[in-house]
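Q: Provided below for reference: sequence and predicted model.
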Amino acid sequence: MNNRSTKIPACAHLKTLPLGQQLHGYIIRSHFDDNMFIASSLVNMYAKCGNIKVAKLIFDRMKQHDLVTWTAMIMGCALHEHSHDAISLFRKMETEGFKPNSVTFVAVLTACSHAGMVNKGLNFF
């Protein structure tokens, strides 16, 4: 399974959504969709490819999240005109006890930048 799980980030990086969707189907058929690391990779892939709806669906179905999953979802929203959702996710992540790292801050600042929320960005900074 390691070989397939490494292909998911490649699909996200290359933005090859059709291949990623095929891998997602394989993951579901093989019952690997409850694996947190694979689910995080799927969230990242769909978010980077601009399919925020599916990324959020997978994110919401996950039993637990890690900082990577939160950051992928926040950045995906930030990059694809869902800035308010990104900021809301950032706040929820903090509420759930996760401490943001530099990548997470870049994601929330990107959301502020794309929405023209300079003051809010300064508050996060």
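A: Noted; the coordinates are in hand.
Q: Near the closest residue to Met36 other than its chain neighbours, how many other residues are there?
A: Nearest residue to Met36, sequence neighbours excluded (C-beta to C-beta, 6 or more residues apart in numbering): Gln64, at 6.2 Å. (Glycine included, C-beta is placed from N, CA and C.) When counting by other C-beta atoms under 10 Å, one arrives at 8 neighbours for Gln64.
Q: Quickly note the distance from Gln64 to Gly20.
A: Gln64 sits 22 Å away from Gly20, going by C-beta to C-beta, to the nearest Å.
Q: contacting residues for His82?
A: 52, 76, 111 (C-beta atoms under 8 Å, 6 or more residues apart in numbering).
Q: Quick check, pLDDT for it.
A: Listed pLDDT for His82 reads 90.
Q: Lys53 versus the spatially closest residue to Asn101 that is not a sequence neighbour, what's the distance?
A: Spatial nearest neighbour of Asn101, chain neighbours left out: Leu67 (6.4 Å); criterion: C-beta to C-beta, 6+ apart. Here the criterion is C-beta to C-beta. By it, Leu67 lies 23 Å from Lys53.
Q: Of the two, which one has the most company?
A: Neighbours per residue, other C-beta under 10 Å: of Leu67 and Lys53, the larger number sits with Leu67, 15 against 9.
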